[in-house]
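Undergrad: here is the input, now give the coordinates:
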Amino acid sequence: MDVFGSNGKTIEKLIPEPSVDVIKAALIELYQSHDPKIRDQAQNWLIKFQTLPIAWDFSSKLLLETDIMELQYFGASTLEYKLKHDWTSLPKANKAMVLGSVVNIVKNVNRYQKHVVTRICVALSIITIYTYPDVWKNAIIDVIQLSCQDIRSLTLEPEKRQHNLYDFNKLPIVLEFLSVLPHELKSQDLSASYKAILTEIKIIVDLIYQFLLSILILPNDNYKDFIKMSFKSLSNWIRYVLPSPTILRQLFHLMFQVSLNGDKELLEPLILVLENSTCQLENQSQPSNNTQETEEAFRFAVETSLKTFPIQFKQAMEMQDMQKAKAIFNLFVQFLTCNNQNVFCKEITQQHLEVLLSFVQIGDIETNSLLFPLLEEINGHKGLIEVGKPILEQFLLIVLDRSRVISMYSNQDINKEDDEIKQFRTLTCDAYLLIQNSDLFPKSLFHNHLLKQLEQAIQNNLQEWQFYESMLFYISSLSECMGNEFSEFVPQILAIIPRIPVKSLPLVKMSISLVGKYPFFLKNKPEYLEKVIFDLIPAFQVPDLLVSAGSSFSSICLNSHCAQFLFPHTNKILELCEPALKQQQHNPDIIGVYDGLLRILKNAPNPNELNLPFQRLIGPIVQNLHQLNQANNTKDKPFLLIQLKILNLVSQYIEYDDNGSQQDQEVKYDKTQHPLYLLLKVLLPIFGNLIVTYNTDGEVMDTIAGIYRWFVLFCKGIAYDFLGEILNHITQSFVSSPSPFFFPPLIAFGSYSKLSPEYEQRLAQTISTISHIILNILKQGATLVPAVPVPSPFLEAIDPNYLINFSYRADLSKLYLQLLSVCYKHFPQCLDGNIVRAIDIYIIYNLLDTKDIVTLRCCWSFLSTTLTATKSDNAIIKQQIAPLLDEAIQSHAGKTLIRNLLVGMTSVLQIPLLQHFADIPLAFCTAYPKLFRQEASKILLDPTFPNDNVALGDKHKFLSELQRPNNPMEYRYSIRTFSVLCGNHQRN
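TA: From the prediction side, this is the model:
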């Protein structure tokens, strides 16, 4: 049976045809099958089913005529999906039927389990939003009255409560609905109707709150679950809209009374309501008629919290009830973060800081981590600043001390310590760095404080290595991005470290790491620099210290002034390092040492002075590669990767200046004698063999490709003599095993202003070879994945001859299209026009294949670039590419493209994608204005396109705007506006 949409277009059959039994079978396969293919097929069928108009009928049938929870849940989820995606396109008569169906489902709530009820409430909330107040005038009150007929007679006085006013069978769905509705109101795209709905809700909001509060005073022993649900609803409503000040005051008073005098389980729901109320505290900065009364109500809640929660927090920590402790701690952080100075006067803010300090001093990492948002906002927090800098300074120093204490390691094998400690340390220091870099306090505040404690501990002969290690860590981390203003501290720190009275491996590591933070000081103090470097070198021979020592060495040498000073000492440094370089050559951490050494060599004043130290340092690496190449044993891969990564550093750090600024201007320098030229000449044959041996190994290929890319981009004069061999390696690798690794060096060819005819021919052959391989892979990919349903009734299924799946190998597709774009711009003579034509046709026919948006955008970009070939100023493009592309556009591809463009922008693509998509019609209208006008008018003037809701005049206007591709910004705006007019805003 064919199913027809509201626009009269036939929708593709779903096989097998939907029925309750088929849906049941699909759900069983989805959740119980062990075969991934069967699960995927079931999931795809169910997803496609939900898009069909007949799913409206089945959603209510599954809920009302079945007793199986999974079927009911799927029915409720389908109803939710249909309401979110298809409600606006329904005729009015159908909307009335759906509304009646939803009301009927709600009335039969006793049939459903809790999970199903939640999904029903989501659907009920959505339809309430769509119909309230114009269609369903009293929607919210009507739902409440399912469980309480006379809500206006409810009392908030416990002694006058009346249990018989409630239908306790219906109460769960009413409370769940009231919990879901405010969340949906905030998340739905309501556009202009939002203000109207909010205005209507404000009229009845006190009734909603009174109903929810009336539940709180029910006897806790018998109705605890209802009371918890009421708290949950209140926490969501208070984020959305406040009641009147009178009800707000009653709300806070009653919640404290119920939570503190009743069941302890209600304390956390109370905290959640208070926490969610803080977003309304921020909104109170805009005065209104009730602002003062509302702030008084909040002030009551805040002051009551100050009296109540310190004891509760202490008890929670003693009982190790971390959930409750974190909730209380976070509440006080949220109170202060909201920064409302009317509620939080100077006195109350100071009291909150004192309470938070009491929490911090008995708290642990789990609780104190919650303080970070407040610490990060201190710089711009007027309320905290007005408390006074001395008080705030004391607060920060106490928090810093406690943070350091609770993040001390418990044993020397810190690698086995919980990552929680490392993360806490990092986040603490990040927050304090923000404060340190502000103008709020002296920049030396935290360093002075920590150094005084460190000095005192040494004087007292404290024997806890954990204390010193944590102290040095915080000093080190707070030394990030230091400037000259901190120079006074560095001599103190360098003098203190040797005086620490206890040793341990973590402490030594931290001491080594610390000295790497001070190149800003060392660059102006040669005597310190020389001592630090020569003290570091012996640590290179100790495996446990190699990471820290190499990192500090590299960090110091990263400073160009330090590296320049060290270059004259290169031979001495290499002599001292050589034992470690040989001894630790199989240790990947040795790369850090090479990093520092190469940064020193980078500062050679000319190639002649670079030759000998370069050969001394890199010669052993080349020899190792020769031996690995001869052994041809893949078990040597770890050692090979170390050598390759060192060579990658060489290509990045050692420079060849094509302009000759590096060499003596009076002496003409022969580039073939440059160390990089000699190195590349030796490496290429080795790399050629490695590419054969390790062609399927991503790490090895990626590293070799990185070396090639760096040479091609930044050592053009040297690399130019070897481009032919590099192209051979790239082609050889891709033919053997298509992978993305060698695309970057190939794309880098675009950085050359000119290539020789021989290189142009080789580049064209490489691109042609790669193109045929990639197209075959992507075409095969289209047959290996399930067919994507046609996304619109206005489109036909794609001709099998033009099927391709660019996302099948997205790693290849994106880089391949980037390569073609670079060549199209810089070396069009290297592009076969038939390849460009084929790629464009494949993109046109698969224009709306949205499986992989990133890849799709790359396709759109390439198409929009090449569509204007006929208008190009480049003679080669006009002669070799434009005629072939023009023939395809004029014969069949142009019409298909126009239809795909119009369908895509009106009903398929999400709004954010249109700004990228719009470049295609912009290019097409520029190149083929007549063809676009003829074909686009045929589609747009179809009364049913894209639906019955778009007026003919709006279509004429849009068509006219499309034919004026002069201003890209206005062009994109026109497409977005028309898309929203067509109802596409739901896809935002």
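Undergrad: in the chain, where is pLDDT below threshold?
TA: 1-12, 158-163, 188-194, 262-263, 283-290, 412-417, 658-669, 785-791, 984-988 (pLDDT under 70).
Undergrad: spell out which helix or strand contains the most centrally placed residue in it, please.
TA: The residue lying closest to the centre of the chain (CA atoms, centre = their mean) is residue 854, at 14.2 Å. Per DSSP states H and E: residue 854 is located in helix 853-866.
Undergrad: try residue 409
TA: Residue 409 is part of no helix or strand, with elements assigned from DSSP H and E.
Undergrad: same deal with residue 824?
TA: Residue 824 belongs to helix 810-826, assigned by DSSP H and E.
Undergrad: quick one on the thing from earlier: could you double-check that the residue nearest to the centre of the chain sits in contact with residue 810?
TA: Yes - between residue 854 and residue 810 there is a contact under CB atoms under 8 Å: 7.1 Å. For every residue, glycine as well, the C-beta is placed using N, CA and C.
Undergrad: before we move on, the earlier item: report the buried residues of the helix holding residue 854.
TA: 855-856, 858-866 (16 or more other CB atoms under 10 Å).
Undergrad: pick the one among the residues you listed closest to residue 569.
TA: Closest approach to residue 569 among these (CB to CB): residue 858, at 49.9 Å.
Undergrad: which ones are touching the closest one?
TA: Residues near residue 858 by CB atoms under 8 Å, 6 or more residues apart in numbering: 806, 813-814, 817-818.
Undergrad: please repeat the previous calculation with a cut-off of 7 Å.
TA: Applying CB atoms under 7 Å, 6 or more residues apart in numbering to residue 858 gives the contacts 813-814, 817.
Undergrad: coming back round to it: got the angle between the helix or strand following the helix holding residue 824 and helix 853-866?
TA: Next along the chain after helix 810-826, taking DSSP H and E as the criterion, comes helix 833-845. Following axes from the mean of the first three to the mean of the last three CA atoms, to 10 degrees, one obtains 130 degrees for the angle between helix 833-845 and helix 853-866.
Undergrad: what's helix 833-845 in contact with?
TA: 768, 771, 775, 798-799, 802, 804, 820, 859, 862-863, 866, 880-881, 884-885, 888, 893, 896-897, 900.
Undergrad: report the buried residues of that helix.
TA: 833, 835-845.
Undergrad: for stretch 144-162, same thing?
TA: 144-148, 151, 154, 156.
Undergrad: hmm, which two among the residues you listed are most spread apart?
TA: The span of those, defined through CB to CB, is set by 146 and 156 at 21.1 Å.
Undergrad: stretch 52-72: which residues count as buried?
TA: Buried residues in stretch 52-72 (16+ other CB under 10 Å): 52-53, 55-56, 58-63, 66, 70-72.
Undergrad: without its sequence neighbours, what residue ends up closest to residue 128?
TA: residue 139 (4.6 Å; CB to CB, 6 or more residues apart in numbering).
Undergrad: I'd assumed residue 130 was in contact with that neighbour.
TA: No - counting by CB atoms under 7 Å, residue 139 stays clear of residue 130, with 9.9 Å between them.
Undergrad: number of residues surrounding residue 551?
TA: Residue 551 is flanked by 18 other residues according to other CB atoms under 10 Å.
Undergrad: how far away is it from residue 433?
TA: 19 Å (CB to CB, to the nearest Å).
Undergrad: equivalent analysis for residue 172, please.
TA: Taking CB to CB, one finds residue 172 at 50 Å from residue 433.
Undergrad: the more surrounded of those two?
TA: residue 172 (19 against 16).
Undergrad: name the helix or strand for that one, please.
TA: Residue 172 belongs to helix 171-187 when assigned by DSSP H and E.
Undergrad: OK, contacts around the residue lying closest to residue 375 once chain neighbours are set aside?
TA: Spatial nearest neighbour of residue 375, chain neighbours left out: residue 431 (3.9 Å); criterion: CB to CB, 6+ apart. Applying CB under 7 Å, 6+ apart, we find residue 431 in contact with 372, 375-376.
Undergrad: looking at those residues, spot the one nearest residue 36.
TA: Distances from residue 36 to these, taken by CB to CB, are shortest for residue 372, at 41.0 Å.
Undergrad: part of a helix, is that closest one?
TA: Yes - Residue 372 forms part of a helix when assessed by DSSP: H, G, I helix; E, B strand; the rest coil.
Undergrad: tell me the contacts of it?
TA: Shown in contact with residue 372 (CB under 7 Å, 6+ apart): 427, 431.
Undergrad: ok, residue 826 next?
TA: So residue 826 contacts residue 750 (CB under 7 Å, 6+ apart).
Undergrad: domain assignment for the chain?
TA: Following the TED database, the chain resolves into domains at 504-603, 607-660+668-753.
Undergrad: now these in TSV, with distance to residue 908?
TA: Formatted as TSV, the domains of the chain follow (distance: least, CB to CB, whole Å):
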stretch	distance to residue 908
domain 504-603	49
domain 607-660+668-753	29
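Undergrad: ok so, going back, can you tell me the SS state at the residue nearest to residue 375?
TA: What three-state DSSP gives for residue 431 is helix.
Undergrad: what of residue 517?
TA: coil.
Undergrad: pretty sure it is in contact with residue 476, am I right?
TA: Yes - using CB under 7 Å, residue 517 makes contact with residue 476 at a distance of 5.6 Å.
Undergrad: on contacts alone, who are the packing partners of the helix or strand harbouring residue 547?
TA: If you go by DSSP H and E, residue 547 is part of helix 543-558. Secondary-structure packing of helix 543-558 (3 or more CB pairs under 7 Å, 6 or more residues apart in numbering; DSSP states H and E): helix 505-515, helix 519-522, helix 526-536, helix 560-566, helix 591-601.
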